[in-house]
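Novice: Give me a model of this one.
(chains A, B, C and D)
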Protein chains: 2
Amino acid sequence: MSELRLEDIAKRAGVSRSTVSRVVNNQPNVSEKARQRVLDVIKITGFSPNAAARTLVSRRSNTIGLVLPHSVSTFFTDPYYPHLIKGITQACNQYDFTLALFVAGSKEYQEKLLPRLSSKGFLDGVILQSGHQADQSIILELKKTNLPMLVAGRPLYNDEVCFIDIDNIAASEKAVRHLINCGRKKIAIITGPLTSTVGLDRLAGYRNAMDSSSLKYNDNSIIESDFTEQGGYNAMQKLITIKPDAVFAASDMMAIGAIRFIRDAGLDVPKDIAVVGFDDLPIPMVNELQLTTIRQPVVQFGFKAVETLIELIENDLPIIKRVLMDTELIIRKSCGFEPG
Amino acid sequence: MSELRLEDIAKRAGVSRSTVSRVVNNQPNVSEKARQRVLDVIKITGFSPNAAARTLVSRRSNTIGLVLPHSVSTFFTDPYYPHLIKGITQACNQYDFTLALFVAGSKEYQEKLLPRLSSKGFLDGVILQSGHQADQSIILELKKTNLPMLVAGRPLYNDEVCFIDIDNIAASEKAVRHLINCGRKKIAIITGPLTSTVGLDRLAGYRNAMDSSSLKYNDNSIIESDFTEQGGYNAMQKLITIKPDAVFAASDMMAIGAIRFIRDAGLDVPKDIAVVGFDDLPIPMVNELQLTTIRQPVVQFGFKAVETLIELIENDLPIIKRVLMDTELIIRKSCGFEPG
DNA sequence: TAGTTGTCTGAGAGCGCTCCCAGATTTTTC
DNA sequence: GAAAAATCTGGGAGCGCTCTCAGACAACTA
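Specialist: Residues are numbered from 1 along each chain as shown, chains lettered A, B, ... in the order given. Sure, this is the predicted structure:
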C-alpha cells in the first residue's frame, strides 16, 4: 500500500515536494487551491509521511521513554503503575507523543536497555521512575547521554537532576496531624523501605508532625517495612508490644495488613487503634475497610510528568526543574474521626 | 556529547565510514587490526549510531507497538496486563526490540493513535490486544496499513488475521471435567461478557464438557457476568436459586465474588458448592481461599506473542499464523477434591 | 610467472524528509 | 503607472546511515 513518498503526492497534485511538505506540516505560504489539491490526494492515497526520515532531519522523534529499573520490582503487582501509565499515555495522546516502555530485569539494564536508550535520534526524552538508592548509577549514566531526563520520585542523592514527586513530607504530616487532632496520644508509624526517598520522606513527615506536637515517640514507634500487605501485618505484630492507639502506615497495602493483625489480636479499628494509610488507589479493600488515607493523584502525576518532560525537551538550555504535587487527606472511618 | 557521526569515528580511527559501519554492525570483511582500532575509538568517544538514520535506510526500527484499545477498559485494574507487559518486555529485551505502548482512551483512537500507528518507518509490527467485537474496525484499519500485526486474543470475526491466544475452550473443558470427576452433579457457570471471545470460548468449553457427560444443564445454569468481583457476587446470587453443587467461574475475580456470596448465604465451599476459577494470577485472595483454578501462562503468553510477531516481521510474504497456548489445572481445596 | 581466488577497503548513491534560498507571482503603496 | 512589499513556489542541499560495487592487495594454484 503506502510506499508513497512526498514526491509522489507532489506529482499527483501537480505541485512540488516542498509544497506538500508545507501542507503536511500545516505551514503557511501555501495557496488555498494548492493546499486543497494536496489534501485531496493525501486523503485518496492514504499517504502518511515516513517517521524515520522526518526524525532524521528534524531531530525530533516525538517519542519519550519511560524507564522502570529493576528496583521497581513491584511493577507487576502494584496497582500504582497502571495508573501512572494511564496518566502518562493520556498526556502522550494529548501532546502527540509516543511512549516507549523500558522495563529492566535484574541485569538487563546495562547490556540491553542503556544502549537503546542512548542511541541518538530515537527518544526525545526520558522519564525514569526512581527514588531508590540502587538507581543512582542509572541516573548518572542517563545524564551522560545528554537526553532530557525527568526522574519520577525524588532521587536520593542527585541534586542536579530534574524530578517530579508528590509532596510526601507534607502529606505524612497531614496524616499524622489528623491522628493527633482525633485525640490519639501514642502514634506509631509503619514506614516503607528506608533505602528509598518515599520511605524516608514519609517518615520525615511523621517526625515533623510529632515534633511540633507535645506527643512523645521513640525508635520503637517506628517500624520499617516493605509496602506489602504481609509486611504491614508483620510490622503491626511488632508494634503491638508498645500498645499504640494509632498507626500511620505509609501505604494502603500495609495499612490493610496492619488492620488484619489488629483484628486477629482481638482489637478494634478504630476504637482501640486508629489507622491511616497512604495512596488511596482503587483497591476494593480500602473502601471495604473504610480506610482513612492520603490520596495521591497518580494519574495526574503521570500526566504532569509528561508535561514537565516536554518543557525540558523544548527548552534548549538545560534547566533544573523540581515539581512537587499536593495530596489530599481522605477521611473515612478507620481513624475514629467523628465530624461535627 | 555525542553529536558524533560514523564519519567522525572513521576519521579518528583512520579508516572509512564503511569500515566503521561494518564494525558497528558486526559484519565480516574487516581486518582484526582495523576492527580493534574502531572499537577503541567508539569506546573512548561513547559513540552510538543515530537510530533514525539507520531506520530510514534499513527499513527496520526494531520497535513494536502494543495497542490496548478502549475495550480493554480493565487495563488499569486487572493484574493481567502488568504480567502481559512483563512477558512482552522480557522478549523485547531478549530480541533487542523496543516496545511502544498505545493506550486508547474512549475516542482517541481514531484521531490520535491510528495516524501514529500507520506512519511508516516507526513500527516494525503491532500487537493488538483484542478479542472484543468493538475492536473489529480497529483490526480492519490496522490491516490496511500493511503493518505486520498479531492479535492477542482470538478475534471475533476476522479470519484472515494472525492471532495468539490461550486455548480457552480446552481449558474450560478441563476445569468442568474436574468438577465432574469430583462427583458434582449440578454444575453452573459464570461467564465473562459474551461480546468477547474469552467469554464465548470459556462457555463453549463448559458446554463441551457437559455435553460429553450425562449431566444436564440449561440456560439457568449459565449466568453472564463481567470478570469483576462484584459481578461474580451478583451472578452467584442469581445462580443460588437453582441450587448448584458446583460453579465454574470464568475468572478468579468472579470466583472470589461467588465464594463471598456463598458464604454470605451461610453455605460452605467446597462442601455445599465447589468452585473453580480461571487465571491463577498472584492475587493474595486466590491463595487465601485455596481456589482451584486454571493457570494461564500470562508472562509466557506475552513472550510468545513477541516471538510470533517477530516471525511475522521477518517473513516477507504475509502468512497467517495461529498460536494456541496450553493451560494448567491447579488443584487446591475449593473444589473438594481429595487426592489419593 | 601469470592467473585465480579470496579478503579487505573506500567512494558513491540514495533512503524520504525539512529547510533555506532564489525566483515567480501577486498585492500593496504612493 | 512603476516601485516596493508580501505571498507563493520549487530546486537543491543535506540529515547520518547502509549497501553496492569496483579497485587494492594478499594468498593460493598451476
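Novice: where exactly do the strands run in chain A?
Specialist: A:63-68, A:98-103, A:125-129, A:149-152, A:163-166, A:187-191, A:222-224, A:246-249, A:274-279, A:292-295, A:322-325, A:328-330 (DSSP state E).
Novice: Go through those strands and name the closest to chain B.
Specialist: When those are compared by CB to the nearest CB, strand A:98-103 sits nearest chain B, at 4.0 Å. C-betas here are computed from N, CA, C, even on glycine.
Novice: tell me the most buried of the strands of chain A?
Specialist: Stretch with highest mean neighbour count among the strands of chain A: strand A:246-249 (a mean of 31; mean count of other CB atoms under 10 Å in any protein chain shown).
Novice: what lines up beside that one in the sheet?
Specialist: Paired neighbours of strand A:246-249 in the sheet (DSSP bridges): strand A:187-191 (parallel), strand A:274-279 (parallel).
Novice: ok now that strand, how far from the chain's centre?
Specialist: 24 Å (CA atoms, centre = their mean, to the nearest Å).
Novice: which parts of stretch A:4-17 are buried?
Specialist: By 16 or more other CB atoms under 10 Å in any protein chain shown, the buried positions in stretch A:4-17 come out as A:4-6, A:8-10, A:12-13, A:15.
Novice: before we move on, back to that, put together TSV for the strands of chain A, with distance to DNA strand C and mean pLDDT on each row.
Specialist: Below are these laid out as TSV (distance: least, CB to the nearest atom of the strand, whole Å; pLDDT from 0 to 100):
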stretch	distance to DNA strand C	mean pLDDT
strand A:63-68	15	96
strand A:98-103	16	95
strand A:125-129	18	96
strand A:149-152	24	96
strand A:163-166	29	97
strand A:187-191	50	98
strand A:222-224	52	98
strand A:246-249	52	98
strand A:274-279	43	97
strand A:292-295	43	97
strand A:322-325	29	96
strand A:328-330	43	97
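Novice: so can I have CSV of those strands showing distance to residue B:210?
Specialist: Formatted as CSV, these follow (distance: least, CB to CB, whole Å):
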stretch, distance to residue B:210
strand A:63-68, 44
strand A:98-103, 42
strand A:125-129, 48
strand A:149-152, 51
strand A:163-166, 52
strand A:187-191, 49
strand A:222-224, 53
strand A:246-249, 47
strand A:274-279, 44
strand A:292-295, 46
strand A:322-325, 54
strand A:328-330, 47
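Novice: Show the contacting residues for residue A:155.
Specialist: Applying CB atoms under 8 Å, 6 or more residues apart in numbering or on different chains, we find residue A:155 in contact with A:130-131, A:135-136, A:139, A:161, A:163, A:197.
Novice: Widest-spaced pair of these?
Specialist: A:136 and A:163 (13.3 Å; CB to CB).
Novice: Now do the contacts for residue A:307.
Specialist: Contacts of residue A:307 by CB under 8 Å, 6+ apart are A:91, A:95.
Novice: ok, now how distant is it from residue A:101?
Specialist: Per CB to CB, to the nearest Å, residue A:307 is found 19 Å from residue A:101.
Novice: again, but for residue A:66
Specialist: 5 Å.
Novice: Could you do residue A:170 as well?
Specialist: In terms of CB to CB, residue A:170 sits 31 Å off from residue A:101.
Novice: Next: residue A:95.
Specialist: According to CB to CB, residue A:95 stands 17 Å off from residue A:101.
Novice: Could you do residue A:242 as well?
Specialist: Taking CB to CB, one finds residue A:242 at 44 Å from residue A:101.
Novice: Could you do residue A:84 as well?
Specialist: 11 Å.
Novice: circling back to that earlier point, what do residue A:66 and residue A:101 both touch?
Specialist: Common neighbours of residue A:66 and residue A:101 (CB under 8 Å, 6+ apart) are residue A:85.
Novice: which residues in the stretch 51-200 of chain A form helices?
Specialist: Residue ranges of the helices in the stretch 51-200 of chain A, as given by DSSP state H, counting those that start in this stretch, are A:51-58, A:80-95, A:108, A:114-118, A:136-144, A:168-181, A:197-211.
Novice: Rebuild those as CSV, extending it with distance to residue A:271.
Specialist: Shown next, in CSV, are the helices of the stretch 51-200 of chain A (distance: least, CB to CB, whole Å):
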stretch, distance to residue A:271
helix A:51-58, 62
helix A:80-95, 31
helix A:108, 50
helix A:114-118, 53
helix A:136-144, 45
helix A:168-181, 14
helix A:197-211, 22
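Novice: Comparing those helices, which yields the minimum mean pLDDT?
Specialist: Confidence, taken as mean pLDDT, is least for helix A:108 of the helices of the stretch 51-200 of chain A (a mean of 67).
Novice: Name the residues of stretch A:263-270 that are buried.
Specialist: Judged by neighbour count using 16+ other CB under 10 Å, the buried positions of stretch A:263-270 are A:269-270.
Novice: what about that stretch, near chain B?
Specialist: No: applying CB under 8 Å from any CB of the partner chain, one finds stretch A:263-270 separated from chain B by no less than 13.4 Å.
Novice: what distance separates that stretch from the centre of its chain?
Specialist: 34 Å.
Novice: Between the two ends of that stretch, how far is it?
Specialist: 11 Å (CA to CA, to the nearest Å).
Novice: Only alpha carbons, please: show stretch A:118-133 as PDB.
Specialist: Output of stretch A:118-133 as PDB, limited to C-alpha atoms (Å, rounded to 0.1, in the frame of the first residue of the first chain):
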ATOM      1  CA  SER A 118      21.200   6.400  24.500                       C
ATOM      2  CA  SER A 119      21.100   5.700  20.800                       C
ATOM      3  CA  LYS A 120      20.600   9.200  19.300                       C
ATOM      4  CA  GLY A 121      17.600  10.000  17.300                       C
ATOM      5  CA  PHE A 122      15.200   7.600  18.900                       C
ATOM      6  CA  LEU A 123      14.000   9.300  22.100                       C
ATOM      7  CA  ASP A 124      13.400  13.000  22.700                       C
ATOM      8  CA  GLY A 125      13.500  12.500  26.500                       C
ATOM      9  CA  VAL A 126      13.100  10.000  29.300                       C
ATOM     10  CA  ILE A 127      11.100   9.600  32.500                       C
ATOM     11  CA  LEU A 128      12.900   7.500  35.000                       C
ATOM     12  CA  GLN A 129      10.900   6.000  37.800                       C
ATOM     13  CA  SER A 130      13.100   6.100  40.700                       C
ATOM     14  CA  GLY A 131      13.800   7.300  44.200                       C
ATOM     15  CA  HIS A 132      15.800   4.300  45.200                       C
ATOM     16  CA  GLN A 133      19.400   4.300  46.100                       C
END
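Novice: separation between the residue of the stretch 151-300 of chain A found nearest DNA strand D and residue A:144?
Specialist: DNA strand D sits closest to residue A:162 of the stretch 151-300 of chain A, with a gap of 25.3 Å, by CB to the nearest atom of the strand. Shown here: residue A:162 relative to residue A:144, a distance of 15 Å by CB to CB.
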